[in-house]
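**Student:** Starting from these lines, generate the structure:
(one chain, ligands or ions: 1)
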Amino acid sequence: MKSLVVYYSLSGNTKYIAECIAKELNADILELKTKNNPPSKGFLKYLIGGFGVVLRRKPELVNKKIDIDKYDHIFLGSPIWAGDFVPAFNTFASQYDITNKYLGFFACHSGDNASKCFERFKDCFPNNRFLGEISFKEPLKYNSQRAGLRAVDWISLLPINK
Ligand SMILES: Cc1cc2nc3c(=O)[nH]c(=O)nc-3n(C[C@H](O)[C@H](O)[C@H](O)COP(=O)(O)O)c2cc1C
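**Tutor:** Predicted coordinates for the structure are as follows:
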């Protein structure tokens, strides 16, 4: 069975890691796209994005529906917003019945650790087996090559047949 990498990215960091993981696993990839995004710059980006998290908003996704049953290993990747995963995953969780899968989580942040985000992912997708989790501090800003290698190393240690 094939693996799937699902991610959201506003400024490219999570996209970069998602692509490294998908390439290593020869996985399909799904970028969650919301109809309305926060602005890409400035104070309003944090205000609007942060409110969406706190209010547990479910922004409309413009993605076509996929056949989730095709996948047994699913990797979910999010930027950390207000300590949590992005609202697009609230919508994703409400659209798909994800049970009896192997799930891995990855996140990009600017300084916080990602433990709350990973706990929330686990709460949101119970009745699955959890493969592991990994976080990265803004890979595009610091050292994208090293972050990419960390992602690939992490994948290579997981019990997955590629
Ligand atoms: C609305 C918003 C809230 C954020 N909140 C946090 C936070 O609580 N902790 C943190 O470490 N980084 C926070 N960040 C920074 C992002 O997690 C970080 O820049 C991440 O690498 C962005 O990933 P992306 O390029 O895939 O969008 C926030 C960014 C935005 C836009």
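
**Student:** Quick one: low-confidence residue ranges for the chain.
**Tutor:** 161-162 (pLDDT under 70).

**Student:** in it, which residue is closest to the centre?
**Tutor:** When the chain is reduced to its mean C-alpha position, the closest residue under Cα atoms, centre = their mean turns out to be G77, at 1.4 Å.

**Student:** Can you tell me the element that residue falls in?
**Tutor:** Here G77, judged by DSSP states H and E, is contained in strand 71-79.

**Student:** can you list the residues that contact the helix or strand that that strand is followed by?
**Tutor:** Later in the chain than strand 71-79, the nearest helix or strand by DSSP H and E is helix 88-95. Residues outside helix 88-95 that contact it (Cβ atoms under 8 Å, 6 or more residues apart in numbering) are 6, 8, 32-34, 56-61, 65, 76, 78, 121, 124-125. Every C-beta, even on glycine, is put in place using the N, C-alpha and C of the backbone.

**Student:** redo that, cut-off 10 Å
**Tutor:** 6-10, 30-34, 37, 52-53, 55-61, 63, 65-66, 68, 76-78, 84-86, 98, 117, 120-121, 123-125 (Cβ atoms under 10 Å, 6 or more residues apart in numbering).

**Student:** In helices, which of the residues you listed appear?
**Tutor:** G52, V53, C117, R120, F121, D123, C124 (DSSP state H).

**Student:** OK, contacts around the residue lying closest to the second one once chain neighbours are set aside?
**Tutor:** Meaning V53. Nearest non-adjacent residue to V53, counting by Cβ to Cβ, 6 or more residues apart in numbering: A82, 4.2 Å away. Contact analysis of A82 by Cβ under 10 Å, 6+ apart lists Y46, G49, G50, F51, G52, V53, V54, D112, K116, C117.

**Student:** Am I right that the third one falls within a strand?
**Tutor:** No: the assignment for G50 is helix, going by DSSP: H, G, I helix; E, B strand; the rest coil, so no strand is present there.

**Student:** I'd say it and D84 touch.
**Tutor:** Yes: counting by Cβ atoms under 10 Å, D84 is a contact partner of G50 at 9.5 Å.
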